[in-house]
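*Asks:* just coords:
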Ligand code: C5P
């Protein structure tokens, strides 16, 4: 069933999926790996579309693959597909440029975090709505973390109490993300990193174990197992 987005919603979600890793066709593109018989990108978009505040979804597809991505997602939700750029940052900027007037909260989300609960989408948006300019979902780091030399020798132990693992969706006031992208110089930095460089305060909200980035075979197996356990509108 095609999800209807909320025309009164105040949130646009950008999904950069234009990396070589998602080229359609042979080669096992990451965002098109399947769990429960459907590509990760489809799961990710379906969960975003179910979040009540979401007004617009824009997916950046590999240039030339826009129609195929549009066809893939047409049964899932009404959304916009644009051609991505040469870097992830350019793909996010292209998706941002396609957001219509209206939503003042913009979230950037990884397709590989296909099981992200809608409750997490809402809590990130809510923190921006409550006055934050930039918000990231984070989890505590559970393993001991050590700094190690290139030769594999321990240099020191990092105080993990001050460390957090960062997930998506990352949320921004629209003008803040637009300004960060207009000034962007480092294509390797994530969106919150760009905003940090602008001197903007980035706040944290609790992440979700279910928002794991599904990249390795172990994650795929885990996600397949979890699929039935995470209701679409589930809590985290
Ligand atoms: O290649 P990497 O894992 O860094 O890509 C992270 C995300 O950014 C992926 O979802 C990928 O599709 C997206 N990306 C993009 N446009 C690019 C490069 C990467 O949308 N030119």
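*Replies:* Cool, got the structure. Please read all numbers here as calculations on a predicted model, not as lab measurements.

*Asks:* from the chain's centre, how far out does the strand or helix carrying residue 95 sit?
*Replies:* Residue 95 is part of helix 88-97, with elements assigned from DSSP states H and E. Centre-to-centre, helix 88-97 and its host chain are 13 Å apart (CA atoms, centre = their mean, to the nearest Å).

*Asks:* Identify the residues contacting that helix?
*Replies:* With contacts defined as CB atoms under 8 Å, 6 or more residues apart in numbering, helix 88-97 is touched by 14-19, 58-60, 82-85, 106, 108, 177-178, 181, 184, 187, 189, 191, 194. Heads up, the C-betas are built off the backbone N, CA and C, glycines and all.

*Asks:* Can you name the residues of this protein sitting close to the ligand?
*Replies:* The chain comes close to the ligand at residues 16-19, 21-22, 31, 60, 84-88, 91, 110-111, as judged by CB under 6 Å from any ligand atom.

*Asks:* ok, and the closest non-adjacent residue to residue 118?
*Replies:* Nearest residue to residue 118 in three dimensions, chain neighbours excluded: residue 51, at 4.2 Å (CB to CB, 6 or more residues apart in numbering).

*Asks:* tally of neighbours for that neighbour?
*Replies:* Residue 51 has 27 neighbours, counted by other CB atoms under 10 Å.

*Asks:* if we can go back for a sec, any quick PyMOL command for the buried ones out of the contacts of helix 88-97?
*Replies:* Only the buried entries of those go into this PyMOL selection, using 16 or more other CB atoms under 10 Å:
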select buried, resi 14+15+16+17+18+19+58+59+60+82+83+84+85+106+108+177+178+181+184+189+191+194
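
*Asks:* Take the contacts of helix 88-97 and keep only those in helices.
*Replies:* Using DSSP state H, the subset of the contacts of helix 88-97 located in helices is 177, 178, 181, 191, 194.
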